[in-house]
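Undergrad: With the sequence up front, the predicted model follows.
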Amino acid sequence: MRGTRALLIGAALVASPAAQAEGQPFGLCLLDIAEAAQARGVPQPLLGEQLLGLAPDPQVLAATQNQAEFVRPVWAYLDAGIGEARVAEGRRRLEALGPLLDGIEARTGVDRFTLVAFWGVESSYGAVLDDSSIVRPALRSLATLACGDPGRAPYWRDELVATLQILARGEVAPERLTGSWAGALGHTQFMPSVFLAHAVDGDGDGRRDLWSAPDALASTGNYLAAMGWWRGERWGAEAALPEGFDYALADETTERSLAEWAALGVRPLRAAPGPETARASLLLPAGARGPAFLVLPNFRTILRYNNALAYALTVGHLSDRLRGEPGLARDWPRADRVLTTSERRELQTLLAQRGHPAGTADGKVGPRTRAAIRAYQAAGGLPADGYADAALLERLRAAP
């Protein structure tokens, strides 16, 4: 291994003496990643050409602190993702690609409306792939994250090595390997490790090319099926709640059949998303004053793609709009002041101090934070809806 490292150091110095000079942390980090990649079959010349001369991209690290699905209010994220123009374009794509989508549905069990919804949310049906203000070289982005984001460094390093493996296999030309700030690739924004495991050839040309819409859609269906997509069921549906409903039942984890929810007075507002025996949990993304949703196992599968409620609701609701269904019946509490990232961190810290651990104080309100909020609300005799708003933060600040 010492000899291998010497060869890599030599390649690094040839590639970029300034960036890779001994003692510079970024260059040393890339050397470590190069060794790991070589151990997984990536040839040394490719590492010298494509990896070791890279410099960090400062805009990428800034993006990790500003992910829209975590920092924007849920209604703003849905509004941006489900505009009328996107719905109309999605319907045009559904009509144009009917035979292709027929085949993907038959093979994977994933319905065409969900597939096209992913496509719309991830890349505006491919429009962003030509936008140089959005896409950037995937290797540089992932190298920046692998060597500059210590909280998730192992994840980013694995994704960077996977990208190098894609290049080593000749599946994508280096100049075409562009993606999001996080290194997500192609029309439906696969992470490189997902590309390796689940991408398929959808247009029959013998290549897995996520910059080809047929390949990307077929690959998305293949991935969702592998993650457990339930054939014949939808993601969920907006629900109506009865007067006097116990909001503690909306804990987003406890599952009941749709028939059992109906016995509690909770019913889908429109088409039932599955049979009466289908298991669903109840979700209140904006608390008691916002819309409620009965979500089925396919909603959890959407979360495997991007583990943010706002994202999964956007994909799910866009798929409904593409079917021809109207918008949500109940509006969001749009007048609420949304907490800043620092305020969300403060809320998480105060919850833990009051005996309700909310996980890492990272400013991202996820399942553990919502569970801590519900516990705090229930202990104080409040409706246990799990909603993190300014009033809740003020109450926590004032508590002894």
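TA: Sure thing, it's come through. Numbering: from 1, shown residues only.
Undergrad: So which residues of the stretch 51-200 of the chain form strands?
TA: 136-137, 178-179 (DSSP state E, counting those that start in this stretch).
Undergrad: Give the pairing partners of the first one; include direction for each.
TA: Using DSSP bridges, the strands paired with strand 136-137 are strand 178-179 (antiparallel).
Undergrad: who touches the partner strand?
TA: 129, 135-138, 141, 185-186, 189 (C-beta atoms under 8 Å, 6 or more residues apart in numbering). Glycine gets a C-beta too; all of them are placed from N, C-alpha and C.
Undergrad: how far out from the middle of the chain is that strand?
TA: For strand 178-179, the distance from its own C-alpha centre to the chain's C-alpha centre is 16 Å (C-alpha atoms, centre = their mean, to the nearest Å).
Undergrad: cool, and stretch 283-293?
TA: Using C-alpha atoms, centre = their mean, the offset of stretch 283-293 from its chain centre is 21 Å.
Undergrad: which of the contacts of strand 178-179 tops the neighbour count?
TA: The member of those that has the most neighbours, counting by other C-beta atoms under 10 Å, is residue 141 with 29 neighbours.
Undergrad: mind checking pLDDT for the residue most central in space within the chain?
TA: For the chain, residue 306 is the residue whose C-alpha lies nearest the centre (C-alpha atoms, centre = their mean; 1.8 Å). For residue 306, the model assigns a pLDDT of 94.
Undergrad: Just after the helix or strand of the chain with the lowest mean pLDDT, pick out the following helix or strand.
TA: Ranked by mean pLDDT, DSSP states H and E, the weakest helix or strand in the chain is helix 17-20, scoring a mean of 43. The element immediately downstream of helix 17-20 (helix or strand, assigned by DSSP states H and E) is helix 25-39.
Undergrad: mind listing what's buried in that next one?
TA: Neighbour-count burial for helix 25-39, counted by 16 or more other C-beta atoms under 10 Å, picks out 26-31, 33-34, 37-38.
Undergrad: In the stretch 51-200 of the chain, where is pLDDT below threshold?
TA: 66-71 (pLDDT under 70).
Undergrad: hmm, try it at 90
TA: Counting by pLDDT under 90, the low-confidence segments of the stretch 51-200 of the chain come to 61-72, 130, 132-134, 150-151.
Undergrad: where exactly do the helices run in it?
TA: In the stretch 51-200 of the chain, the segments counted as helices under DSSP state H, counting those that start in this stretch are 58-63, 68-71, 74-81, 84-96, 98-108, 112-123, 138-148, 153-168, 192-198.
Undergrad: So which of the ones you listed is nearest residue 211?
TA: helix 112-123 (10.0 Å; C-beta to C-beta).
Undergrad: if we can go back for a sec, got the buried residues of helix 25-39 as JSON lines, with pLDDT and distance to residue 277 columns?
TA: Putting the buried residues of helix 25-39 into JSON lines (pLDDT from 0 to 100; distance: C-beta to C-beta, whole Å) gives the following:
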{"residue": "26", "pLDDT": "93", "distance to residue 277": "55"}
{"residue": "27", "pLDDT": "92", "distance to residue 277": "58"}
{"residue": "28", "pLDDT": "94", "distance to residue 277": "57"}
{"residue": "29", "pLDDT": "95", "distance to residue 277": "52"}
{"residue": "30", "pLDDT": "96", "distance to residue 277": "53"}
{"residue": "31", "pLDDT": "96", "distance to residue 277": "56"}
{"residue": "33", "pLDDT": "97", "distance to residue 277": "49"}
{"residue": "34", "pLDDT": "97", "distance to residue 277": "53"}
{"residue": "37", "pLDDT": "97", "distance to residue 277": "48"}
{"residue": "38", "pLDDT": "96", "distance to residue 277": "52"}
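Undergrad: Could you identify the most distant pair in these?
TA: The span of the buried residues of helix 25-39, defined through C-beta to C-beta, is set by 26 and 38 at 18.8 Å.
Undergrad: thinking again about what came up before, out of the strands of the stretch 51-200 of the chain, nearest to residue 292?
TA: strand 178-179 (35.4 Å).
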